[in-house]
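A.B. asks: Here is my input; please provide its structure:
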Amino acid sequence: MLREKLKNHTIILASSSPRRQQFFRELDLDFVIQIKEVEEIYPKELEGTEITDFLADLKSKPFTNLSKNDLLITSDTIVWLHDKALGKPKNEDEAFTMLKELSGKKHEVITSISIKSVAFQKIINDITTVYFKEITDEEINYYIKNHKPFDKAGAYGIQEWLGFIAIHKMEGSYFNVVGLPIHKLYKELMDL
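C.D. replies: Numbering: from 1, shown residues only. The predicted structure follows:
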């Protein structure tokens, strides 16, 4: 359906995330992957969706040579805990600290998507509230050692072992927590 609707467009997914790439394959979309590195720094006064909107837009800026049929998709996800953004941990210590902070608390997973062409840009976002049970230091260390969650905001993947044992409640989209509110992206692309 979507493939037919977008047959005259080249969909460019600017993401190295295997999860986001899988979502695009599952939508039966023809797409190409192009990644241009940016330093993911945002103004300190930004909060919540302002951060992910800013970063999704920032990731689109290096693509200055879009052709008229190109549709560029960029995205960013953070974990938002008590007025603080948790991005991707740089090492085991950072991952441990993040997971210790999340233990026994609720947090928000926020993802923004930028859809950009030569004629327009639209940024959408989604928020899912996730509730963690208390997790022990042993569970945290086991997860970090066996799953190496250094490419994931908040140092965890809902679709992995820690997600299975720690999450006892969720309000909102599961797929948003995985890394892309695919239902919202689908609607936007169908509405083009």
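
A.B. asks: who touches Ile182 in this structure?
C.D. replies: Phe23, Glu26, Leu27, Phe175 (Cβ atoms under 8 Å, 6 or more residues apart in numbering). Quick note: C-beta positions are derived from backbone N, CA and C, even for glycine.

A.B. asks: Equivalent analysis for Phe24, please.
C.D. replies: So Phe24 contacts Ile11, Leu13, Phe31 (Cβ under 8 Å, 6+ apart).

A.B. asks: How far off centre is the helix or strand hosting Leu71?
C.D. replies: Under the criterion of DSSP states H and E, Leu71 resides in strand 70-80. Chain-centre distance of strand 70-80: 6 Å, with Cα atoms, centre = their mean, to the nearest Å.

A.B. asks: oh, and call the first residue 21 from now on, that's how I've got it
C.D. replies: Let's use 21 as the start, then, which means that last one is strand 90-100.

A.B. asks: mind listing what the next helix or strand after that strand pairs with, with the direction of each?
C.D. replies: Next in sequence after strand 90-100, counting helices and strands by DSSP H and E, comes strand 105-106. Using DSSP bridges, the strands paired with strand 105-106 are strand 90-100 (antiparallel).

A.B. asks: about what we covered before: of the contacts of Ile202, which pair is most distant in space?
C.D. replies: Using Cβ to Cβ, the contacts of Ile202 span at most 11.1 Å, a distance reached by Leu47 and Phe195.

A.B. asks: Looking at these two, which has the bigger crowd around it?
C.D. replies: For Leu47 versus Phe195, neighbours defined as other Cβ atoms under 10 Å are more numerous around Phe195 (21 against 16).

A.B. asks: Assumed the more buried one was part of a helix.
C.D. replies: Yes. Checked against DSSP: H, G, I helix; E, B strand; the rest coil, Phe195 lies within a helix.

A.B. asks: Quick check: the gap between it and Thr131.
C.D. replies: Separation of Phe195 from Thr131 (Cβ to Cβ, to the nearest Å): 9 Å.

A.B. asks: so what's in contact with the two at the same time?
C.D. replies: Common neighbours of Phe195 and Thr131 (Cβ under 8 Å, 6+ apart) are Pro201.
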